[in-house]
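Visitor: Sharing a sequence plus its predicted fold:
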Amino acid sequence: MIHPHRTNGVSSTRWLLTSILATAGMLASAGQQLSAQTNAVQAGSPIADQLVVYPTLVLVNGKVLTVDEQFTIAEAIAVRDGRILAVGSNADIKRLVGPNTRTIDLAGRSVVPGFIDSDGDNAFAGGDLYKDTMVNGKVGTKVRGDSVAAMLKDVSALVAQAAPGSPVWVRMADEWINDLAKLTVKDVDALAPKNPLMLSFSSSEGLVNSLMLERAFVAGLPRDHVGVVKDAAGKPTGQLFGAAIGMVGWNLRDWPELTEQTYAEQEAINNRFLAGGVTTVTGHAGGYTVTIMSQLYHQGRLNLRVRPDLDFARQNPLADQFLRRTPNLVNFAIGDGMLKIVAAAVGPVDGASDDGGILTNEPKLREHAEIGGGLYGRNKWTGSTFTGRHWSDFSPAEKRQTEAGTLYLLRKHGWNIGGNHNMGSQASRIVVETLFDAAKQPDIKVKTMLGRNALDHNLVWDKPTIDMAKQLGDSIAFGLNAEIWSPRVVRGEQMLFSQYGERLGRLQPVKDLVEAGLLVHFEGGKPDEPPLWRIERFVTRTERYATRSERARRAGAAGSETRELRTWGKDQAIDRRLALRLVTIEAAKFITEEKDLGSLEKGKYADMVVLSGDYMTAPEARISELEPVFTIIGGKVVYEKK
């Protein structure tokens, strides 16, 4: 409407009256149209198909364990657009069903949130590339043997296969590290006089010959780096640890070619996770692994959610340069959350039971005579296997050349850490102290981190470590290792029992950790040790190994269960409701995704598992016998038991 010229009060009054009448007329017309539309709908006139979106999937007649704050148990659930549309009674959900909705009758069975495994790096096709055997661009197997001499013969054979002058990387059996650590550059120069050679003893320790060492120096490894071990005369011994060995294992190594076999192997691993009800896997991963997953997604073959902790700064003496050139990629994702970066990774503080390396404040019951590791374990950040030095022996400048310095750099640029291996109480203390200090450093470029710091493999705890972790509140989460139920066996002995004996009952005090308010969950990364197996172990606290494959084996061996089962730490047993939380919603907090994953609530991703029975009433000692019937991710059935 054109505003009149306001030459006098009369014309202004006429304009106002005209405006009021015009507005009233428009409202009356709109009301008539709305009334007509309402009458049409009430009369049964069709609504355009584009305006109606029914659920794609509903599950009814079951027990839907939502794992929400109240642990609500519903009868049915509906899914639309990959997310949960509604959870409620059968009547509530059935009225949402459309002509193309798939309906699954649960027949009283349980539905639980999709399980989240947080130690998946060993199940990534390229998870261990930085320490794997590699000759002529082909990845090989770990070298094992009954003696160091026998293993070195195998190394010599691998070098003989290599093209003249080409680099050779060889992964050695971890349990021989005590003996392998006695070798020096002279030994490997004799094995490979014309080829650069690296022997990987673990993820953080190794030995290189003169040709490989010089390559590392030329590529940017400082000759005076703390990880370059030297003899009394100041000459390099060829022994490297931390960022120095990382320089050789990662920076000097090219990728193998990605082939259909590579994709098929990873796809097969993913399918094994899905068969166990695992819908999300996380773990430290290099660019090679992430590229494999990305390629699978773009080929339409990635049916498992993957959450990498990027290895780009891990054990990297040039981490500061990499961080300046790399954007903070936390929460970058493709495919509606199918592949999503959640953190950066750093190298482990300690070792494992099979090398006697769990780093603790309290001494072990005994040191294994052959495996070694000392009474307190191995410090990978100080290279104690080579140097004999402890964390307190390092100067501040030396600490900055370890993974502690990398933690500072990551915090400076706003990265949280994940996939950080530390099994012992002293290892956890060192990391937590470093995180405290890193948060106080000046000149932080990115003040707000998008994810929690996450430490995995935690096994040996003590009160001072728990109290220190409590000070960080919900800014840190911990994965709880299940090795007490699945012991590593070396030279015929269970490694944990051989070192800790009856103290195993004090390991993994789950109830104490939860009561202390720590964010903890049950980690996993082996498809043959599925989440339901871990739940049963921590509910019963018995050692019985009861995966499906093991039950099948025992079925053919009469009397195989006649011996009495051992129980470790019965006072730390938890109920099945809490146990389910520790493989779902609490695991989601480990990757800071509790808003989208971990429980069956409206708006979250429709990731869920239909079990073969009733989770709430199955006998505690038989929980692991429940099996996934359907595994559903984003509302799509990605596994169905045949």
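Guide: Noted; the coordinates are in hand.
Visitor: how distant is stretch 187-200 from the center of its chain?
Guide: 34 Å (Cα atoms, centre = their mean, to the nearest Å).
Visitor: Please point out which parts of it sit buried.
Guide: Neighbour-count burial for stretch 187-200, counted by 16 or more other Cβ atoms under 10 Å, picks out 187-189, 191-192, 195-200. Any C-beta I mention is one placed from the backbone N, CA and C, and that applies to glycine too.
Visitor: what's the span of stretch 86-95, first residue to last?
Guide: For stretch 86-95, the first-to-last residue distance is 11 Å (Cα to Cα, to the nearest Å).
Visitor: Identify the residues contacting it?
Guide: 55, 58, 60-61, 64, 66, 72, 74-78, 96, 600-602 (Cβ atoms under 8 Å, 6 or more residues apart in numbering).
Visitor: Please indicate which of those are buried?
Guide: Buried members of the contacts of stretch 86-95, counted by 16+ other Cβ under 10 Å: 55, 58, 60-61, 64, 66, 74-78, 96, 600-601.
Visitor: Tell me the one among those residues nearest to Lys463.
Guide: Thr66 (34.7 Å; Cβ to Cβ).
Visitor: check contacts around that closest one.
Guide: 72-74, 87, 113, 599-601.
Visitor: If we only consider the buried ones among the contacts of stretch 86-95, which is nearest to Pro167?
Guide: Looking across the buried ones among the contacts of stretch 86-95 and measuring by Cβ to Cβ, the closest to Pro167 is Leu600, at 50.3 Å.
Visitor: Dihedrals phi and psi, the closest one?
Guide: Dihedral pair for Leu600: phi -100, psi 80, per degrees, to the nearest 10.
Visitor: Distance check, the closest residue to it other than its chain neighbours against Asn303.
Guide: Computed as Cβ to Cβ, 6 or more residues apart in numbering, the closest residue to Leu600 that is not its neighbour in sequence is Thr66, at 4.4 Å. The spacing between Thr66 and Asn303, counted by Cβ to Cβ, to the nearest Å, is 24 Å.
Visitor: Got phi/psi on the residue nearest to Leu600?
Guide: Dihedral angles for Thr66 - degrees, to the nearest 10 - are phi -70, psi -30.
Visitor: Would you mind measuring from it to Lys604?
Guide: 10 Å.
Visitor: mind listing which of the contacts of stretch 86-95 are in strands?
Guide: 58, 60, 64, 74, 76-78 (DSSP state E).
Visitor: Tell me where the model's unsure across this protein.
Guide: Along the chain, the parts satisfying pLDDT under 70 run over 1-45, 544-564.
Visitor: One more pass at 90, please.
Guide: For the chain, the stretches flagged by pLDDT under 90 are 1-52, 119-129, 419-420, 486-487, 491-492, 525-528, 543-566, 642.
Visitor: longest single strand anywhere in it?
Guide: Secondary structure of the chain per DSSP E: the longest strand is strand 278-285.
Visitor: quick one, strands of the stretch 151-300 of the chain?
Guide: 168-171, 197-200, 205-208, 228-230, 236-241, 278-285 (DSSP state E, counting those that start in this stretch).
Visitor: Can you lay out those strands as a markdown table showing distance to Met247?
Guide: Listed next are the strands of the stretch 151-300 of the chain as a markdown table, based on distance: least, Cβ to Cβ, whole Å:
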| stretch | distance to Met247 |
| --- | --- |
| strand 168-171 | 13 |
| strand 197-200 | 10 |
| strand 205-208 | 10 |
| strand 228-230 | 10 |
| strand 236-241 | 8 |
| strand 278-285 | 17 |
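Visitor: picking that back up, tell me the spacing between the residue nearest to Leu600 and Thr184.
Guide: Distance from Thr66 to Thr184, by Cβ to Cβ: 60 Å.
Visitor: just the strands of the stretch 151-300 of the chain: most buried one?
Guide: The highest mean neighbour count among the strands of the stretch 151-300 of the chain, using mean count of other Cβ atoms under 10 Å, belongs to strand 205-208: a mean of 30.
Visitor: OK, contacts around Lys235?
Guide: Contact partners of Lys235, counting by Cβ under 8 Å, 6+ apart, are absent.
Visitor: Which pair in the buried residues of stretch 187-200 has the greatest spatial separation?
Guide: Asp189 and Ser200 (17.3 Å).
Visitor: Domain parsing of the chain, as residue ranges.
Guide: 138-251, 348-597 (automatic domain parsing).
Visitor: where along the stretch 1-150 of the chain do the strands fall?
Guide: For the stretch 1-150 of the chain, the strands defined by DSSP E, counting those that start in this stretch cover 57-60, 63-65, 73-74, 76-80, 83-88, 102-105, 110-113, 115-117, 134-135, 138-139.
Visitor: Glu620 is nearest to which of these?
Guide: That would be strand 110-113 among the strands of the stretch 1-150 of the chain, by Cβ to Cβ, at 15.0 Å.
Visitor: May I see the buried residues of stretch 517-537?
Guide: Buried residues in stretch 517-537 (16+ other Cβ under 10 Å): 518-527, 529-537.
Visitor: Please apply the same query to stretch 148-160.
Guide: 148, 151-152, 154-155, 158-159.
Visitor: now those residues as TSV including distance to Gly286?
Guide: Below are those laid out as TSV (distance: Cβ to Cβ, whole Å):
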residue	distance to Gly286
Val148	29
Met151	26
Leu152	28
Asp154	26
Val155	24
Leu158	22
Val159	25
